[in-house]
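S.K.: Here is a sequence with its predicted model. Questions after.
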Amino acid sequence: MKKLVLFYFIVFIAATISAIFVSDKVLVKAIELYLDDYSKGTAMQRMSYSIIIETSIENIEAAKAGDVTTIINENCEFIDMSIGLITQNSYEAPYPFKIQLQETIEKGTQLIEQLKSEGYCGQ
């Protein structure tokens with residue numbers, strides 16, 4: 001009987017130690033994944049702001065020069081790029097926001113198709 005109790009005790013201790021090590025590894029991996037996704041999101045936000053600034057500067061310069069075609073083409077490129085970024089990252093959006101993003105993508109796609117038929121947007 002003593003051997004059986006000792007065996008159960010050893011198994012219990014081994015299982016507890018194993019559980020502690022495994023949970024530690026899982027926690028570390030979960031934190032690493034979270035931080036990796038967070039840093040990617042932060043980098044994407046910074047890049048998006050940078051692109052907005054650059055596009056706005058180009059549009060202002062084109063507007064001052066009276067070049068409507070350049071303004072439209074720059075906005076086409078910006079809309080097209082934004083659609084790509086939203087499509088890549090929208091899986092993280094909550095459901096109601098995901099619907100809004102889908103509607104925005106559809107509007108942007110329709111506008112680009114219309115502008116292409118009018119001779120803008122890289123035609």
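M.R.: Arrived safely.
S.K.: ok, the residue of the chain positioned farthest from its centre to residue 15 distance?
M.R.: Going by CA atoms, centre = their mean, the residue of the chain most distant from its centre is residue 1, 60.1 Å out. Relative to residue 15, residue 1 is positioned 21 Å away (CB to CB, to the nearest Å). Every residue, glycine included, has its C-beta placed from N, CA and C.
S.K.: next one: residue 30
M.R.: With CB to CB as the criterion, residue 30 and residue 15 are 22 Å apart.
S.K.: ditto for residue 119
M.R.: With CB to CB as the criterion, residue 119 and residue 15 are 72 Å apart.
S.K.: Quick check: what element follows the strand or helix carrying residue 85 along the chain?
M.R.: Using DSSP states H and E, the element containing residue 85 is helix 68-89. Going down the chain from helix 68-89, the next helix or strand is helix 95-117, by DSSP H and E.
S.K.: picking up where we left off before, which helices and strands sit right next to the helix holding residue 85?
M.R.: helix 2-65, helix 95-117 (3 or more CB pairs under 8 Å, 6 or more residues apart in numbering; DSSP states H and E).
S.K.: which regions of this protein sit below the pLDDT cut-off?
M.R.: 35-49, 89-93, 123 (pLDDT under 70).
S.K.: ok, now with 80
M.R.: Within the chain, the stretches with pLDDT under 80 are 1-2, 4, 19-53, 55-56, 85-98, 122-123.
S.K.: can you count the residues close to residue 6?
M.R.: 10 (other CB atoms under 10 Å).
S.K.: That should have said residue 77, apologies.
M.R.: 16.
S.K.: Repeat that for residue 82.
M.R.: So residue 82, with other CB under 10 Å, has 17 neighbours.
S.K.: That one reaches residue 109, doesn't it?
M.R.: No: using CB atoms under 8 Å, residue 82 is not in contact with residue 109; the gap is 11.0 Å.
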